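Colleague: build the 3D model from these lines:
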Amino acid sequence: MAFEKDVPAEPALFQIHWSLISSEQAGELASPDTRLLALWPAPVNHDVCFESAGFTQFADNDEAWDRSAETLLRKVMEALACFGPGTLLSQPLQDRPPWYLRLFRPARDLPLQQQALLPMQCDSLPPFRASFGDAGAALQTGDGHFLLWIHLPDAGPDPSEFIAKVSRPWTILETSLRWSALLPDRTGPHKL
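Modeller: Residues are numbered from 1 along each chain as shown. Here you go, the predicted structure:
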């Protein structure tokens with residue numbers, strides 16, 4: 001007889017959800033001459049904001065999910081880099097050595113991908129904002145949600161083509177939510 005702890009847990013199914021956000025829905029997050037996309041992997045760890053937005057696909061995610069999510073973030077940032085180099089617009093997060101090493105090793109800004117990842121893992125960190133080139137391409141993350149807010153220039157690729165490119169090999173689902181429950185705050189000093 002197998003006990004519950006002896007039964008291996010099934011790995012969480014990793015899917016990519018996305019939505020094109022209208023300028024009316026985007027509110028303060030809308031930027032002229034760009035289209036705003038929301039992109040997130042699911043299932044999502046249970047979250048009251050996602051639940052308020054109408055999302056229902058929740059599960060406890062594991063290390064394999066985390067690796068896939070980080071791969072998705074890397075692919076999005078690489079695709080956005082086609083518009084130009086990434087420029088951090090938000091407060092930089094730093095790798096600070098312990099106090100006893102500070103004389104020998106100063107604090108260093110984390111790489112751009114880490115800057116984007118950490119605010120999605122910890123809602124006490126400031127949000128991440130970066131632009132890519134001069135055409136309006138940008139990325140924003142934060143609030144402790146693995147949710148990517150992507151600005152694509154109107155003259156850029158079709159949103160569904162962009163999503164297909166960064167989401168291979170995973171299943172892609174276009175999903176509409178009540179965005180007011182998830183939109184990040186743009187009232188800070190580093191607006192996109």
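Colleague: next, the buried residues of the helix or strand in which residue 141 is found.
Modeller: In the assignment (DSSP states H and E), residue 141 maps to strand 137-142. For strand 137-142, burial by neighbour count (16 or more other Cβ atoms under 10 Å) applies to 137-142. Glycine gets a C-beta too; all of them are placed from N, C-alpha and C.
Colleague: spatially central residue for the chain, please.
Modeller: Among the residues of the chain, the one closest to the centroid is residue 148, at 2.8 Å (Cα atoms, centre = their mean).
Colleague: from residue 62, how far out is that one?
Modeller: 20 Å (Cβ to Cβ, to the nearest Å).
Colleague: same check, this time on residue 111
Modeller: 24 Å.
Colleague: if we can go back for a sec, any chance of the buried residues of strand 137-142 in CSV, with distance to residue 106 and pLDDT too?
Modeller: Converted to CSV, the buried residues of strand 137-142 look like this (distance: Cβ to Cβ, whole Å; pLDDT from 0 to 100):
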residue, distance to residue 106, pLDDT
137, 31, 96
138, 29, 97
139, 27, 97
140, 28, 96
141, 26, 96
142, 26, 94
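Colleague: hmm, back to that, packing partners for the strand holding residue 141?
Modeller: When contacts are defined as 3 or more Cβ pairs under 8 Å, 6 or more residues apart in numbering; DSSP states H and E, strand 137-142 packs onto helix 63-80, helix 112-121, strand 128-132, strand 145-153.
Colleague: which one of those lies closest to residue 174?
Modeller: Proximity to residue 174 (Cβ to Cβ) singles out strand 145-153 among these, at 14.2 Å.
Colleague: so how far is the closest one from its chain's centroid?
Modeller: 6 Å (Cα atoms, centre = their mean, to the nearest Å).
Colleague: list the neighbouring strands of that strand plus their orientation.
Modeller: According to DSSP bridges, strand 145-153 forms sheet pairs with strand 34-42 (antiparallel), strand 137-142 (antiparallel).
Colleague: can you lay out those strands as TSV showing distance to residue 127?
Modeller: Shown next, in TSV, are the strands paired with strand 145-153 (distance: least, Cβ to Cβ, whole Å):
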stretch	distance to residue 127
strand 34-42	14
strand 137-142	3
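Colleague: if we can go back for a sec, now, which of the buried residues of strand 137-142 sits nearest residue 154?
Modeller: Using Cβ to Cβ, residue 137 is the member of the buried residues of strand 137-142 that lies nearest residue 154, at 10.9 Å.
Colleague: quick one: the closest one from residue 34, how far?
Modeller: Residue 137 is 8 Å from residue 34, by Cβ to Cβ.
Colleague: which residues are in contact with each of these two?
Modeller: 151-153 (Cβ atoms under 8 Å, 6 or more residues apart in numbering).
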